[in-house]
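[1] No sequence on hand, only this structure:
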């Protein structure tokens with residue numbers, strides 16, 4: 001005998017498929033939400049890690065900028081101190097030059113020559129004075145040439161003027177103050193005495 005099922009089995013299968021579809025849909029949505037949440041959390045964690053790194057780098061950059069500014073300031077102070085040191089050394093090396101100049105002027109100035117002005121710029125010396133004759137000016141120039149501390153005498157100007165009722169020669173000359181120190185020559189008579 002043959003049995004025929006008249007129950008609406010197609011409708012039940014359709015309902016079962018719909019229920020299965022809804023269940024798979026909900027599971028898919030839940031999995032998608034979990035996946036999206038996980039991706040968002042991962043991206044958020046990476047963003048926050050990168051922001052922390054950026055903040056750290058900014059702080060370190062600010063610290064390095066401050067150190068660079070301090071180094072620049074120290075370099076400027078070092079340069080200023082070196083400049084002062086150079087000035088002091090140059091003053092120290094030239095402080096005796098004026099003494100040697102005045103000593104040499106007392107030694108080489110011939111009688112009948114009077115100085116009116118003496119000026120110095122660096123190692124160059126300018127004299128303005130009066131002389132009773134041109135021969136005395138020539139003597140002064142030869143004495144400058146023979147001096148161990150002075151050299152290169154140059155007569156710039158000479159002309160006759162009346163000074164206190166007498167006719168004299170007013171002259172302007174220049175010469176150099178040398179940096180070579182004078183070597184004291186030993187007298188042979190002194191060396192023989194020392195040997196005895």
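    Now that the structure is in, tell me what you want to look at. If you're wondering where the values come from, they're calculated on a predicted model, not measured in any experiment.
[2] Going by secondary structure, the residue nearest to the spatial centre of the chain is in what exactly?
    Closest residue to the average C-alpha location of the chain: residue 79 at 4.7 Å, with C-alpha atoms, centre = their mean. For residue 79, the host element (DSSP states H and E) is helix 9-94.
[3] After that helix, which helix or strand is next?
    Heading C-terminal from helix 9-94 (DSSP H and E), you reach helix 97-108.
[4] buried sites along that following helix?
    For helix 97-108, a neighbour-count test (16 or more other C-beta atoms under 10 Å) marks 100, 101, 104, 105, 108 as buried. For every residue, glycine as well, the C-beta is placed using N, CA and C.
[5] The next helix or strand after that helix versus helix 97-108: what angle between them?
    Going down the chain from helix 97-108, the next helix or strand is strand 113-121, by DSSP H and E. Relative orientation of strand 113-121 and helix 97-108, computed by axes from the mean of the first three to the mean of the last three C-alpha atoms, to 10 degrees: 160 degrees.
[6] Please name the strands paired to strand 113-121 in the sheet, noting orientation.
    Strand pairing for strand 113-121, using DSSP bridges, gives strand 124-131 (antiparallel).
[7] to the chain's geometric centre, what's the distance from the partner strand?
    Relative to the chain's own centre, strand 124-131 is displaced by 40 Å; criterion: C-alpha atoms, centre = their mean, to the nearest Å.
[8] Whichever strand in the chain runs longest: partners in the sheet, and parallel or antiparallel?
    Determined from DSSP state E, the single longest strand within the chain is strand 150-163. Strand pairing for strand 150-163, using DSSP bridges, gives strand 166-177 (antiparallel).
[9] tell me the angle the partner strand makes with helix 9-94.
    Taking the same axes, to 10 degrees, one finds strand 166-177 and helix 9-94 inclined to each other by 140 degrees.
[10] what ranges of the protein fall below the confidence cut-off?
    Low-confidence segments of the chain, defined by pLDDT under 70: 1, 5-7, 94, 179-196.
[11] any idea how it splits into domains?
    Domain segmentation of the chain under automatic domain parsing yields 10-95, 97-177.
[12] out of these, nearest to residue 2?
    Residue 2 lies closest, by C-beta to C-beta, to one member of these: domain 10-95, at 19.6 Å.
[13] For the nearest residue to residue 175 once chain neighbours are set aside, give me its contacts.
    Residue nearest to residue 175 in three dimensions, not counting chain neighbours: residue 153, with 4.4 Å by C-beta to C-beta, 6 or more residues apart in numbering. Contacts for residue 153 (C-beta atoms under 8 Å, 6 or more residues apart in numbering) come out as 140, 141, 144, 145, 173, 174, 175.
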